[in-house]
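**Student:** Would you be able to build a 3D model of this:
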Amino acid sequence: QVQLVESGGGLVQPGGSLRLSCATSGRVFSIGTMGWYRQAPGKERDLVADITRGGSTLYADSVKGRFTISRDNAKNTVYLQMNSLKPEDTAVFYCNAHINCGLGTVPVWGQGTQVTVSS
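**Tutor:** Residues are numbered from 1 along each chain as shown. Modelled structure (predicted):
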């Protein structure tokens, strides 16, 4: 069974930085677009950034210039470098990947990691 395992969340002061990682475990044939989403209390889960296998990226307007998404295809891992964090970035961050395990491509979600920006 394929799983996505996130790490790197935590508590940080406004203006600080965090780096999230999302690693894939299990057997996969290929991984397409990978991305990060976030969900704040009482709000919907929204896209933060995603990246294609070829490296094309897409960012939410609210994080442009502050967050950088990257991936290592050899390690089946995606990263999110978050700089200049603001209190409004506080949310549970979820990793998502479109994974082909041999029976077609399906979206897979991680369990989420909490990011709290507070002084």
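**Student:** Secondary structure class of the residue of the chain positioned farthest from its centre, three-state.
**Tutor:** The outermost residue of the chain relative to its centre, with distances by Cα atoms, centre = their mean, is residue 103 at 24.3 Å. Here residue 103 is coil, with the state taken from DSSP: H, G, I helix; E, B strand; the rest coil.
**Student:** how about it, what does it touch?
**Tutor:** Contacts here follow Cβ atoms under 8 Å, 6 or more residues apart in numbering; on that basis residue 103 touches nothing. The C-beta positions use only the backbone N, C-alpha and C, and glycine is treated the same way.
**Student:** Distance-wise, check it relative to residue 30.
**Tutor:** 12 Å (Cβ to Cβ, to the nearest Å).
**Student:** Bridged to the residue nearest the centre of the chain, which residues?
**Tutor:** Centroid-nearest residue in the chain, with Cα atoms, centre = their mean: residue 36, separated by 2.8 Å. Beta bridges link residue 36 to residue 49, residue 95, judged by DSSP bridges.
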